[in-house]
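Novice: got a predicted model here, sequence first, then my questions.
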Amino acid sequence: MDRSTKNRPLAPGPSSATGGGKVAPSRILGIDPGLNITGYGVLDIGAGPPRLCEAGVVRGKSRGSLTGRLLEIHRGVADVIASLKPNVMAVEQLYSHYARPRTAILMGHARGVICLAAAEAGIPVIHYAATQVKRILTGAGRADKAQVQRAIQRELHLPQLPEPADVADALAVALCHFYLKDKLT
């Protein structure tokens, strides 16, 4: 996948300035899986609050071809992992209504190639339910996209709302992992 299919719209806010510390921060890669748009967000974790490293989307160009889109998602996520070197990947779990099992199956394909990219890079993958992520960040497990975007803007001290919502969702998963990582052991 070439860089033209990856969009990096989000610039770090004022809290993202690198401090004078000598310890290299760890990095959390948050992923919001999608077949057309996969959001990603990388947070630097060190002394103090988490800081935005980079966020954006991996966009598939292959309309109509499931195998082509899956290949583009895999390559895009693998490129993000190779260039930003996260220590862990946090991914939103699959959610589906029983009325739409086909959607669940298709999204499972996307999650599969995303997890494959992490496995190839040797980084662990942690899964979080969307309701858990929303509850951690907003206090409400059924918060809407605008509430999540505002929560991410506030938590990361961003000058603007993260756009598109896929980016905010990816950053929300990464922040959820940051807040819960010590409780996983």
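Specialist: Done, it's in. Just so it is clear, the structure is predicted and the values come from calculations on it, not from any experiment.
Novice: ok, and the closest non-adjacent residue to Arg27?
Specialist: Pro86 (4.1 Å; CB to CB, 6 or more residues apart in numbering). Where C-beta positions appear, they are placed from N, C-alpha and C, glycine not excepted.
Novice: surely that neighbour touches Ile31?
Specialist: No. Between Pro86 and Ile31 there is no contact under CB atoms under 8 Å: 10.0 Å.
Novice: neighbour-wise, which of the two wins?
Specialist: Taking other CB atoms under 10 Å, Pro86 and Ile31 do not tie; Ile31 has more neighbours (29 against 23).
Novice: give me the secondary structure label for that one.
Specialist: strand (DSSP: H, G, I helix; E, B strand; the rest coil).
Novice: which residues touch it?
Specialist: Contacts for Ile31 (CB atoms under 8 Å, 6 or more residues apart in numbering) come out as 38-40, 77, 89-92, 114, 170, 173.
Novice: tally of neighbours for Gln160?
Specialist: Residues lying near Gln160 (other CB under 10 Å) number 11.
Novice: kindly report the same for Ala55.
Specialist: Neighbours of Ala55 (other CB under 10 Å): 28.
Novice: give the bridge partners for the closest residue to Ala119 other than its chain neighbours, please.
Specialist: Leaving aside its chain neighbours, Ala119 sits nearest to Val125 (7.5 Å; criterion: CB to CB, 6+ apart). Taking DSSP bridges as the rule, Val125 bridges to Met89.
Novice: hang on, Val125 packs against Cys115?
Specialist: Yes. Val125 lies in contact with Cys115 (CB under 8 Å); the separation is 5.3 Å.
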